[in-house]
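Engineer: Turn this into a structure:
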Amino acid sequence: MPTDAMAPHRDPRCQRALRLGVGTALCLAIGFGLDLPIPMVAPVLGVFLLASMNRPLPLKSGLALVLLVVFATATGLLLSPLLRYYPLAGVLLIGLCLFLAFRAGLRGGNSLASLFLVIGLTIISAAGTVDFRLAAMAVEALAKGLLVAVAVLGCCHWLFPEPADAPAPPAAPVLPAREAGRMALRAALVVMPAFLLALTDPLGYMPIILKSVSLGRQSCVTAAHGAARELLGSTLLGGVLAVVFWCALSLFVSLWMFFLWMLLFGLLAARRLYRLSPTRHPPSFWLNTLVTLVILLGQSVQDSVAGKDVYTAFAVRMGLFIAVTLYACLMLQLFEPRRRAPRPPELSAPAPSDA
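Structural biologist: Presented below is the predicted three-dimensional model:
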């Protein structure tokens with residue numbers, strides 16, 4: 001009789017791809033079905049959470065994430081008056097907070113917590129400079145979106161549990177202080193232009209903030225060599241997939257079809273992210289593609305509900321996405337350490353001959 005030791009090992013990548021695809025579609029359907037304040041926030045946070053967590057989130061960790069969002073939103077609200085009355089000091093302080101948040105994640109801290117802290121700092125502080133009610137709506141959107149993402153994460157781990165014999169995920173490498181500081185500065189500079197743009201219209205430019213945060217996170221794992229191909233390629237592919245998705249959805253518009261199409265596109269991206277369908281692109285490429293797809297698609301649906309010209313708004317938003325991505329590529333090139341050319345070996349003087 002076969003024993004547990006002789007049982008074949010199951011590939012955990014299949015379960016992870018199913019969790020990512022199904023979880024993204026569930027977050028999208030719940031966010032739009034319940035008419036949350038900013039529905040696309042739930043699937044965007046869900047993608048980051050599902051791609052980062054291969055284990056169920058314990059209750060204490062879930063509560064810690066909620067408290068982190070509360071702390072981030074409170075910090076953003078406190079910084080809003082400073083941005084309104086002393087804009088230069090406020091922008092510099094936000095830049096310092098972004099640098100410290102990214103650096104904490106690179107120095108062994110919780111990278112997911114660092115990501116949510118960056119999102120909370122930028123979105124809430126920008127919204128608070130315009131109207132307190134707008135900031136309160138952004139706080140509500142982040143809190144509800146995170147609660148939906150955490151609930152969907154637990155549901156997906158129940159539906160598609162991690163195999164018992166799956167190896168534990170390796171611990172994130174702790175970078176040296178100098179290297180972590182350089183990469184954190186680069187990531188903060190990637191996010192800052194989108195944040196400054198959002199100060200003029202926080203709700204309209206919220207997709208740009210989310211996109212820049214995704215690029216800043218990706219810049220921490222992407223080398224300058226091939227950066228344009230990866231960052232720009234994933235952004236363009238996400239835009240193309242959003243157009244195809246929109247055309248497919250327009251054939252029969254309903255929440256169920258919205259869920260099913262998202263499930264299909266999410267599974268296609270997840271198979272490539274987890275190397276079930278190997279490609280030459282790294283996982284960060286496909287994660288950025290999926291995030292771009294969700295942001296563009298969610299905002300287009302909201303534009304359609306508001307009666308705006310969807311195609312013009314999509315063209316403008318895609319142009320801004322490309323501009324932000326090109327700027328991120330420039331930051332990668334500028335902050336890549338220069339390699340010193342090896343010095344030629346010194347010629348030693350010939351030994352005197354015994355004549």
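Engineer: Helices along this protein, start to end?
Structural biologist: 12-33, 41-52, 59-85, 87-106, 111-128, 132-159, 177-198, 206-219, 227-251, 255-273, 283-305, 310-334 (DSSP state H).
Engineer: for the longest one, the distance to its chain's centre please.
Structural biologist: Relative to the centre of its chain, helix 132-159 is centred 15 Å away, using CA atoms, centre = their mean, to the nearest Å.
Engineer: if we can go back for a sec, with mean pLDDT and mean neighbour count added, can I get the helices of the chain in CSV?
Structural biologist: For the C-beta atoms, the positions are set from N, CA and C on the backbone; glycine is no exception. Below are the helices of the chain laid out as CSV (pLDDT from 0 to 100; neighbours: other CB atoms under 10 Å):
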stretch, mean pLDDT, mean neighbour count
helix 12-33, 93, 23
helix 41-52, 90, 26
helix 59-85, 78, 17
helix 87-106, 89, 19
helix 111-128, 83, 25
helix 132-159, 87, 19
helix 177-198, 87, 20
helix 206-219, 83, 25
helix 227-251, 89, 18
helix 255-273, 94, 20
helix 283-305, 90, 23
helix 310-334, 88, 17
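Engineer: OK, contacts around the residue nearest the centre of the chain?
Structural biologist: Closest to where the C-alpha atoms of the chain average out (CA atoms, centre = their mean) is S214, at 3.5 Å. Contacts of S214 were listed using CB atoms under 8 Å, 6 or more residues apart in numbering, and they are N288, V291, T292.
Engineer: Distance-wise, check the first one relative to R217.
Structural biologist: When CB to CB, to the nearest Å is the yardstick, N288 and R217 sit 9 Å from each other.
Engineer: ok, now the last one?
Structural biologist: As for T292, its distance to R217 is 13 Å (criterion: CB to CB).
Engineer: Likewise for the second one?
Structural biologist: According to CB to CB, V291 stands 9 Å off from R217.
Engineer: Now do the end-to-end distance for stretch 32-40.
Structural biologist: 8 Å (CA to CA, to the nearest Å).
Engineer: Tabulate the contacts of S214 (JSON lines), appending distance to R107.
Structural biologist: Compiled in JSON lines, the contacts of S214 are given as follows (distance: CB to CB, whole Å):
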{"residue": "N288", "distance to R107": "23"}
{"residue": "V291", "distance to R107": "24"}
{"residue": "T292", "distance to R107": "28"}
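Engineer: Out of those, which is nearest to R133?
Structural biologist: The closest of those to R133 turns out to be V291 (CB to CB; 28.0 Å).
Engineer: Which residue, neighbours along the chain excluded, lies closest to the closest one?
Structural biologist: S214 (4.8 Å; CB to CB, 6 or more residues apart in numbering).
Engineer: wait, what's in contact with V253?
Structural biologist: If a contact means CB under 8 Å, 6+ apart, then V253 has no contacts.
Engineer: so what's it scoring on pLDDT?
Structural biologist: V253 carries a pLDDT score of 86 in this model.
Engineer: what's the answer for R55, then?
Structural biologist: At R55, pLDDT is 79.
Engineer: what sits against the nearest residue to F259 once chain neighbours are set aside?
Structural biologist: By the measure of CB to CB, 6+ apart, the closest residue to F259 outside its immediate chain neighbours is A29, 4.1 Å from it. Counting by CB under 8 Å, 6+ apart, A29 makes contact with L255, F258, F259, M262.
Engineer: Tabulate the residues you listed in a markdown table, adding columns for distance to I123.
Structural biologist: Compiled in a markdown table, the contacts of A29 are given as follows (distance: CB to CB, whole Å):
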| residue | distance to I123 |
| --- | --- |
| L255 | 26 |
| F258 | 24 |
| F259 | 26 |
| M262 | 23 |
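Engineer: Stretch 32-46: end-to-end distance?
Structural biologist: When the termini of stretch 32-46 are compared using CA to CA, they are 14 Å apart.
Engineer: can you give me the offset of it from its chain's centre?
Structural biologist: So, by CA atoms, centre = their mean, the centroid of stretch 32-46 is 15 Å from its chain's centroid.
Engineer: neighbours of the closest residue in space to V174 that isn't next to it in sequence, just the number please.
Structural biologist: Ranked by CB to CB, 6+ apart and with sequence neighbours excluded, the top spatial neighbour of V174 is G108, at 4.2 Å. G108 has 13 neighbouring residues, counting by other CB atoms under 10 Å.
Engineer: you'd agree G108 is up against P176?
Structural biologist: No: with contact defined as CB atoms under 8 Å, G108 does not reach P176; the gap is 11.3 Å.
Engineer: got the contact list for G62?
Structural biologist: V150.
Engineer: so what's A104 closest to, chain neighbours aside?
Structural biologist: Using CB to CB, 6+ apart, the closest residue to A104 is S114 (5.6 Å).
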